[in-house]
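A.B. asks: Next come a sequence and a model predicted from it.
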Amino acid sequence: MKISAAVTRAVKSSMTIEQLELKEPRADEILVRLVATGVCHTDIAMRDQAYPVPQPIVLGHEGAGVVEAIGAGVSKVSPGDHVVMTYNSCGHCPCCIDDAATYCHDFFGYNFAGGRPDGSSPISNDDGPIHGNFFGQSSFATHSICHERNIVKVRDDAPLELLGPLACGVQTGAGAIINVLEIGVGATLAVFGTGSVGLSGVMAARLMGATTIIGIDLNDDRLVLAKKLGCTHTINASGENPVERIMEITGTGVDFCFETTGAPAVIRQAMESLTLRGTCGIVGASPIGTEISLDVVHLMTAGRSIRGIVEGESNPDIFIPALIDLYMQGQFPFDKLITFYPFEDINQAIDDSESGKVLKSVVRMNNVE
Ligand SMILES: [Zn+2]
Ligand SMILES: [Zn+2]
């Protein structure tokens, strides 16, 4: 079938919306008509080759839409179901078997290889194949082919156009706080970087009962929103030393840090802000080879720890519907993070996300035939 898709052809370059051919779903695949898709910083990082993702490629990995057709072997969803598409995984490696699919031994192959595990792509133009299957979906398009492992059925009465970011950025932030750091009642937390991932963590920490939530950023507008969404304190790190301020607020440091920037100097500040036995969770998409330096004595003698976290370690089939229920109950207002753009303005959506002008860009497909 003919589709429209935004094709990435070069580093730091605009995507081009092109008419492409999408193959019918295979027996184990699902065809989804996109309603909207979020823009994640990982899309930008892959455009710019933070990992060696092949180009030309259709990126996009926060798709929300409606199932249009299913392969003969698919039983998880049916045509007409409202769905979001999340990260893909193999389903049979030791981590997948242990319900830890965000650490699938072949996470790269299933999400970043630019094609299916057999090397094929469902997308092509007259000149030949275009790389696809990014995060098992390539959702910067009017239609996607995805898989039972990465499709999540969602309730019909939720606003579908909002839901894509739950599949990556929002579940990364909320999952880190709820599933991994397991922040409890009375806990103290510092969130470094109050973008969409950090603020998803702030909302989750509020839900979990944290009583001191400190947001750190360079952008005053974001810090204003951070307070509205649950921060008890904010620090603009361009004018204040965040480590010193956190010590003033807490006395001995925070129980938890949630570091979303991926910048080595900020990770170091987060580690220095921890109280004894404190834990720092890190989720930033740093380029391969990025190194950090830490004071080993500070780390070891006080039982501090640092923990890498992917996709909030969430089981998407359980966690995403739960976040939607909380949203519908008014407990998790992630819609406050979102700015909509028409699909044909995807490059503006990406530029505004990259510059920090908006927190979470979502492109809507309804203006493109
Ligand atoms: Zn696996
Ligand atoms: Zn993402």
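C.D. replies: Ah, there it is. Numbers count the residues shown, from 1 in each chain. Ligands and ions are numbered 1, 2, ... in the order given.

A.B. asks: where does Lys336 sit relative to Arg206, distance-wise?
C.D. replies: The gap separating Lys336 from Arg206 is 13 Å, by Cβ to Cβ, to the nearest Å. For glycine as for every other residue, the C-beta is placed from the backbone atoms N, C-alpha and C.

A.B. asks: Repeat that for Met365.
C.D. replies: Distance from Met365 to Arg206, by Cβ to Cβ: 32 Å.

A.B. asks: So Ala226 belongs to a helix, correct?
C.D. replies: Yes - membership of Ala226 in a helix is supported by DSSP: H, G, I helix; E, B strand; the rest coil.

A.B. asks: Check what pLDDT it gets.
C.D. replies: With respect to pLDDT, Ala226 scores 98.

A.B. asks: what about the closest residue to it other than its chain neighbours, how many neighbours?
C.D. replies: Excluding its sequence neighbours, the residue lying closest to Ala226 (Cβ to Cβ, 6 or more residues apart in numbering) is Gly215, at 3.7 Å. For Gly215, the count of nearby residues is 29 (other Cβ atoms under 10 Å).

A.B. asks: Is Gly215 in a helix, a strand, or coil?
C.D. replies: Recorded secondary structure, Gly215: strand (three-state DSSP).

A.B. asks: Quickly list what it is bridged to.
C.D. replies: Following DSSP bridges, Gly215 is listed with bridge partners Val191, Thr234.

A.B. asks: Lys336 and Arg206: which has the busier surroundings?
C.D. replies: Taking neighbours as other Cβ under 10 Å, Lys336 and Arg206 compare with Arg206 leading, 20 against 13.

A.B. asks: and the closest residue in space to the more buried one that isn't next to it in sequence, what does it touch?
C.D. replies: In space, and not counting its chain neighbours, Arg206 is closest to Gly230: 3.5 Å by Cβ to Cβ, 6+ apart. Gly230 makes contact with 202-203, 205-206, 213 under the criterion Cβ atoms under 8 Å, 6 or more residues apart in numbering.

A.B. asks: In strands only, show me these.
C.D. replies: Ile213 (DSSP state E).

A.B. asks: possible to save the contacts of Gly230 as TSV with pLDDT?
C.D. replies: Converted to TSV, the contacts of Gly230 look like this (pLDDT from 0 to 100):
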residue	pLDDT
Val202	98
Met203	98
Ala205	98
Arg206	97
Ile213	98
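
A.B. asks: what number of residues lie near the residue of the stretch 101-250 of the chain found nearest ligand 2?
C.D. replies: Here the stretch 101-250 of the chain gets closest to ligand 2 at one residue, Cys168, 3.3 Å apart by Cβ to the ion. Residues lying near Cys168 (other Cβ under 10 Å) number 27.

A.B. asks: hey, where'd the helices end up in this protein?
C.D. replies: For the chain, the helices defined by DSSP state H occupy 41-47, 94-97, 107-111, 169-175, 196-208, 220-229, 242-250, 264-272, 296-300, 316-328, 346-355.

A.B. asks: Quickly compare those helices and say which is most buried.
C.D. replies: Ranked by mean neighbour count, those are led by helix 169-175 with a mean of 30 (mean count of other Cβ atoms under 10 Å).

A.B. asks: Need the residues that contact that one.
C.D. replies: 38, 40-41, 62, 86, 196-204, 258, 260, 283, 309-314, 316, 319-320, 323, 332, 334, 337, 360.

A.B. asks: Recalculate using a threshold of 6 Å.
C.D. replies: Contacts of helix 169-175 with the rest of the structure, by Cβ atoms under 6 Å, 6 or more residues apart in numbering, involve 40, 196-197, 200-201, 204, 283, 311-314, 319, 334.

A.B. asks: gap between Arg33 and Gly65?
C.D. replies: Between Arg33 and Gly65 the computed distance is 5 Å (Cβ to Cβ).

A.B. asks: In terms of neighbours, single out the busier of those two.
C.D. replies: Under the criterion of other Cβ under 10 Å, the comparison of Arg33 against Gly65 puts Gly65 first, with 29 against 16.

A.B. asks: From Gln171, how far out is that one?
C.D. replies: Taken as Cβ to Cβ, the span from Gly65 to Gln171 is 17 Å.

A.B. asks: So which residues on this structure come close to ligand 2?
C.D. replies: Applying Cβ under 5 Å from the ion, one finds that the chain approaches ligand 2 through 40, 42, 168.

A.B. asks: Look up the residues forming beta bridges with the spatially closest residue to Leu34 that is not a sequence neighbour.
C.D. replies: Once flanking residues are discounted, Leu34 sits nearest to Gly65: 4.2 Å by Cβ to Cβ, 6+ apart. Legend: beta-bridge partners of Gly65 under DSSP bridges are Leu34, Val83.

A.B. asks: can you tell me which residues contact Gly65?
C.D. replies: So Gly65 contacts 32-35 (Cβ under 6 Å, 6+ apart).

A.B. asks: make it 10 Å
C.D. replies: Taking Cβ atoms under 10 Å, 6 or more residues apart in numbering, we find Gly65 in contact with 31-37, 81-85, 137, 139, 142-144, 146, 151, 160-161, 163-164, 365.
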